[in-house]
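>>> quick one: sequence plus predicted model below, questions after.
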Amino acid sequence: MGIFDKFKSNKSAQDKAKQASDAAEQKINERTGGKHAKHVDTAQQQAERRLGMEGDRTDEP
């Protein structure tokens, strides 16, 4: 079992990673004035999908 398999089965680690991902997205959007929000959101979704964290995205416009 690899590190990502352990991560995928650990709900609390996924929650913390999701919070960190959301915070990073917010910080980037603040620094760029939201100019690249669409690209940042796409990158965040791809990263979460690759880590097996895809799920309901309630914060999408």
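Noted; the coordinates are in hand. These figures come from a predicted structure and were not determined experimentally.
>>> which residue is nearest the middle of the chain?
Centroid check for the chain by CA atoms, centre = their mean gives residue 21 as the closest residue, at 3.9 Å.
>>> contact partners for it?
When contacts are counted by CB atoms under 8 Å, 6 or more residues apart in numbering, residue 21 touches 44, 47, 48, 53. Using the backbone N, CA and C atoms, a C-beta is placed for each residue, glycine as well.
>>> please redo it, this time with the cut-off set to 10 Å
For residue 21, the residues meeting the contact criterion (CB atoms under 10 Å, 6 or more residues apart in numbering) are 43, 44, 45, 47, 48, 51, 53.
>>> and those residues, which two are the farthest apart?
43 and 53 (13.6 Å; CB to CB).
>>> which strand or helix spans the residue nearest to the centre of the chain?
helix 11-32 (DSSP states H and E).
>>> buried residues, stretch 22-33. List them.
25, 28 (16 or more other CB atoms under 10 Å).
>>> and that stretch, C-alpha only, in PDB?
Output of stretch 22-33 as PDB, limited to C-alpha atoms (Å, rounded to 0.1, in the frame of the first residue of the first chain):
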ATOM      1  CA  ASP A  22      -9.300  26.000  -0.800                       C
ATOM      2  CA  ALA A  23      -7.100  28.300   1.100                       C
ATOM      3  CA  ALA A  24      -4.500  28.200  -1.600                       C
ATOM      4  CA  GLU A  25      -7.100  28.900  -4.300                       C
ATOM      5  CA  GLN A  26      -8.400  31.900  -2.300                       C
ATOM      6  CA  LYS A  27      -4.900  33.300  -1.700                       C
ATOM      7  CA  ILE A  28      -4.000  33.000  -5.400                       C
ATOM      8  CA  ASN A  29      -7.200  34.700  -6.400                       C
ATOM      9  CA  GLU A  30      -6.600  37.500  -3.900                       C
ATOM     10  CA  ARG A  31      -3.100  38.100  -5.300                       C
ATOM     11  CA  THR A  32      -4.200  38.100  -8.900                       C
ATOM     12  CA  GLY A  33      -7.400  40.000  -8.300                       C
END
